[in-house]
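> Sequence isn't available, so here's the structure alone:
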């Protein structure tokens, strides 16, 4: 069985071992959710180029541009 290791900012988390404490469980889940969110933003950036750069206009104007 291959072990799957995810690099965290401070240490490596081994996903094949069950978390021993609530904090380990929370950190494991937070890492997984953070990866999904980062991937989602990557997809949104590919779809809408306006998200690649800082806001030049107000948020209301950006919302109107995206809705068009």
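Perfect, thanks for sending it. This one's a predicted model, so the numbers in the text were calculated from it and none came from an experiment. Residues are numbered from 1 along each chain as shown.

> Check for me that residue 66 belongs to a strand.
No: going by DSSP: H, G, I helix; E, B strand; the rest coil, the assignment for residue 66 is helix, not a strand.

> Surely it is in contact with residue 49?
No: with contact defined as Cβ atoms under 8 Å, residue 66 does not reach residue 49; the gap is 10.8 Å. C-beta here means a position set from N, CA and C on the backbone, and glycine is covered the same way.

> neighbour count winner among the two?
Of the pair residue 66 and residue 49, residue 66 is the one with more neighbours under other Cβ atoms under 10 Å, namely 11 against 8.

> what about the strands in this protein?
When assigned using DSSP state E, the strands of the chain occupy the ranges 5-7, 12-14.

> count of residues packed around residue 24?
Counted with other Cβ under 10 Å, residues neighbouring residue 24 total 13.

> now swap in the one 5 residues further on and tell me
In terms of burial, residue 29 registers 11 neighbours under the definition other Cβ under 10 Å.

> again with residue 27
Residue 27, neighbours per other Cβ under 10 Å, totals 16.

> And residue 31, by the same measure?
Burial measure for residue 31: 15 neighbouring residues, criterion other Cβ under 10 Å.

> now it: how far from residue 20?
Using Cβ to Cβ, to the nearest Å, residue 31 is found at 16 Å from residue 20.

> Least confident of the strands of the chain, on average?
Among the strands of the chain, strand 5-7 has the lowest mean pLDDT, at a mean of 54.

> pLDDT below threshold where in this protein?
1-16, 50-52, 55 (pLDDT under 70).

> where along it do the helices fall?
22-47, 59-67 (DSSP state H).

> okay, these in CSV with distance to residue 53 next?
As requested, the helices of the chain are exported to CSV (distance: least, Cβ to Cβ, whole Å):
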stretch, distance to residue 53
helix 22-47, 10
helix 59-67, 11
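
> Report the separation between residue 19 and residue 68.
Residue 19 is 46 Å from residue 68, by Cβ to Cβ.

> right, I mislabeled it, should have said residue 30
Applying Cβ to Cβ, the value for residue 30 to residue 68 is 36 Å.
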